[in-house]
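Novice: here is the input, now give the coordinates:
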Amino acid sequence: MAKKIRRLACIYRLCLKELRHIHKACACSYDGFKAAYKSEIAFRQDLNICACLFVLALLLPVSLLYKLLMIMSLFIIMIAELANTAIETTIDRISADIHPLSKKAKDIGSSLVFLAFTLMIIIYTSIIFSIIF
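Specialist: All right, here's what the predicted structure looks like:
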């Protein structure tokens, strides 16, 4: 019986440790989101666009699967914008000098966002056309 209690106590401590780790990771994620929101106008613009399109996705008379597809495309945009912001911040941290590799990295990050928006436009257009026709 004592062995089982010690085992349960060990499992409990491990669970608490994992929960603390998850809590710290969530706090870091929140800090990153807040930093992107404060420092990047493009992030704020994308967030506003995605918020409007999120409401549109909820209001459209389509199946739950289509709604989820539309909302997922918005999350992909925000993920791409966060990655782009991280790339740009890292490049700016390394050097303020204009360098061809810095431009290349920033352009590739911008391509991420462009492709995410293209995907979202294809998805929304397809679903809206399926409603109309």
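Novice: every contact and neighbour count from this point should use C-alpha atoms.
Specialist: OK.
Novice: okay, now the domains of this structure?
Specialist: The chain breaks down into these domains under automatic domain parsing: 1-39, 40-132.
Novice: got the buried residues for the shortest one?
Specialist: Along domain 1-39, the positions that meet the burial threshold by neighbour count (16 or more other C-alpha atoms under 10 Å) are 36-37.
Novice: then stretch 118-133?
Specialist: For stretch 118-133, by 16+ other C-alpha under 10 Å, it's 119-120, 123-124, 127.
Novice: average pLDDT across that stretch?
Specialist: When pLDDT is averaged over stretch 118-133, the result is 96.
Novice: contacts for it?
Specialist: 61-62, 66, 69-70, 73-74, 77 (C-alpha atoms under 8 Å, 6 or more residues apart in numbering).
Novice: and if we set it to 10 Å?
Specialist: 50, 53, 56-57, 60-62, 66-67, 69-77, 112-117 (C-alpha atoms under 10 Å, 6 or more residues apart in numbering).
Novice: now the buried members of these.
Specialist: 50, 53, 57, 66-67, 69-71, 73-77, 112-113, 116-117.
Novice: show me those that map onto helices.
Specialist: 50, 53, 57, 66-67, 69-71, 73-77, 112-113, 116-117 (DSSP state H).
Novice: what about Asn84, how many residues nearby?
Specialist: By the measure other C-alpha atoms under 10 Å, the count of residues near Asn84 is 22.
Novice: so which helix or strand takes in it?
Specialist: helix 64-94 (DSSP states H and E).
Novice: list the helices and strands that helix packs on?
Specialist: Counting contacts by 3 or more C-alpha pairs under 10 Å, 6 or more residues apart in numbering; DSSP states H and E, helix 64-94 packs against helix 2-39, helix 41-59, helix 100-132.
Novice: mind running it again at 7 Å?
Specialist: Applying 3 or more C-alpha pairs under 7 Å, 6 or more residues apart in numbering; DSSP states H and E, we find helix 64-94 packed against helix 41-59, helix 100-132.
Novice: and of those, who's closest to Ala86?
Specialist: Closest to Ala86 of the helices and strands packed on helix 64-94 is helix 100-132 (C-alpha to C-alpha; 8.9 Å).
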